[in-house]
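# Whatever this is, show me its structure:
(one chain, ligands or ions: 1)
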Amino acid sequence: MTGRLEVRGLNVVFDGFHALTDLDFTVQPGELRFLIGPNGAGKTTLIDVITGRVRATSGSVRFNGTELRGRREHAIVRLGVGRTFQTSVVFEELSVLENLDLAASFRRSPLALLRARRGVSAEVAGVLETTGLTELADRPAGVLSHGQRQWLEIGMLLVQRPSLLLLDEPVAGMSRAERERTGRLLQTVAKEHTVVVIEHDMEFLRRYASQVTVLHEGRLLREGSVADVQADPRVREVYLGRSRSEPEREPA
Ligand SMILES: Nc1ncnc2c1ncn2[C@@H]1O[C@H](COP(=O)(O)OP(=O)(O)OP(=O)(O)O)[C@@H](O)[C@H]1O
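The predicted model follows:
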């Protein structure tokens with residue numbers, strides 16, 4: 001399996017503001033890694049740098065041994081890095097199936113596209129199954145529940161065959177049942193992909209995370225199991241400090 005991510009000595013400075021400082025971050029192929037940290041810790045910036053949206057000031061970002069720094073966003077997608085955003089990217093008036101087909105078309109040859117027009121490709125059918133959307137394939141994406149829409153977005157990444165998926169708060173706003181289904185989906189996806197998930201929900205982490213990376217003010221604060229991270233007084237302080245103003249996010 002491919003999908004090894006190796007970030008070394010990464011610095012990102014915006015107009016004198018240090019968003020990321022000397023960051024080292026390694027994710028092994030097939031790992032399901034959670035990335036946490038208070039608001040402004042640098043989580044989204046890290047994903048933005050990996051995907052080529054933001055330019056690093058210094059350091060290196062290697063994916064399967066290839067340097068990503070300096071490459072354009074679409075080139076990084078072609079190397080097998082896919083991401084979701086906090087805001088939705090589905091086409092509401094298109095069906096679930098059409099959204100998946102459109103996403104798949106980014107990497108298909110014209111011949112494969114012609115063939116796909118004649119029916120549902122085996123790959124898209126497989127992704128519908130994995131994401132639990134088979135029954136909803138012909139429904140417009142606009143009628144999906146919040147959870148179903150998130151699964152569609154993950155499906156739209158999967159049909160592009162990334163080896164690394166970067167997911168930004170995929171369970172935010174989901175019901176408990178939807179979160180559980182998403183947790184199982186992430187575990188399934190991680191059997192064949194490397195997955196990095198930004199997530200704040202500690203209950204969700206306790207259930208589904210094995211390794212967690214904690215960022216704080218642009219630096220790596222702690223890395224380890226959920227239990228290690230939760231037991232670390234520095235992590236507790238960072239979250240307790242914040243939890244007074246944001247009670248909905250539980251202390252780590
Ligand atoms: N383009 C930019 N220009 C200037 N500052 C930026 C830019 N992008 C991010 N920042 C700053 O960098 C810091 C890190 O932001 P980032 O969005 O990465 O944090 P985060 O950990 O994802 O937070 P949240 O949980 O709120 O999404 C913040 O202080 C933010 O204001």
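# Going by C-alpha atoms from here, please, whenever you check contacts or count neighbours.
OK.
# Let me see the contact set for Ala137.
Residues near Ala137 by Cα atoms under 8 Å, 6 or more residues apart in numbering: 95-97, 128.
# Looking at those, spot the one nearest the ligand.
Val96 (27.9 Å; Cα to the nearest ligand atom).
# which residue packs closest to that closest one, ignoring adjacent ones?
What sits nearest to Val96 in space, not counting adjacent residues and going by Cα to Cα, 6 or more residues apart in numbering, is Ala137, at 4.9 Å.
# Could you report the pLDDT at the one you found?
Looking at Ala137, its pLDDT stands at 95.
# now it: how far from the ligand?
The gap separating Ala137 from the ligand is 32 Å, by Cα to the nearest ligand atom, to the nearest Å.
# ok so, going back, now intersect the contacts of Ala137 with the helices, please.
In this view, the contacts of Ala137 that belong to helices under DSSP state H are 96-97, 128.
# Out of the residues you listed, who's the most crowded?
Of all those, Val96 has the most neighbours under the rule other Cα atoms under 10 Å, reaching 30 neighbours.
# Now that that residue has come up, it's in contact with Glu135, right?
No. Using Cα atoms under 8 Å, Val96 makes no contact with Glu135, being 9.9 Å away.
# what's around Ser88, how many residues?
Neighbours of Ser88 using other Cα under 10 Å come to 12.
# any idea which helix or strand of this structure has the worst average confidence?
helix 110-117 (a mean of 57; mean pLDDT, DSSP states H and E).
# What residues does the protein have near the ligand?
Within the chain, the positions near the ligand by Cα under 6 Å from any ligand atom are 14, 19, 37-45.
# So Gly52 sits against Leu68, correct?
Yes. If you go by Cα under 8 Å, Gly52 and Leu68 touch, sitting 7.4 Å apart.
# what do those two both touch?
In contact with both Gly52 and Leu68: Ile76, using Cα under 8 Å, 6+ apart.
# what helix or strand is the spatially most central residue of the chain on?
Using Cα atoms, centre = their mean, the residue of the chain that lies closest to the mean C-alpha position is Leu167, 1.5 Å off. Using DSSP states H and E, the element containing Leu167 is strand 164-168.
# List the buried residues in the helix or strand just after that strand.
With elements assigned by DSSP H and E, the helix or strand that comes after strand 164-168 is helix 176-189. Buried residues in helix 176-189, counted by 16 or more other Cα atoms under 10 Å: 178-183, 185-187, 189.
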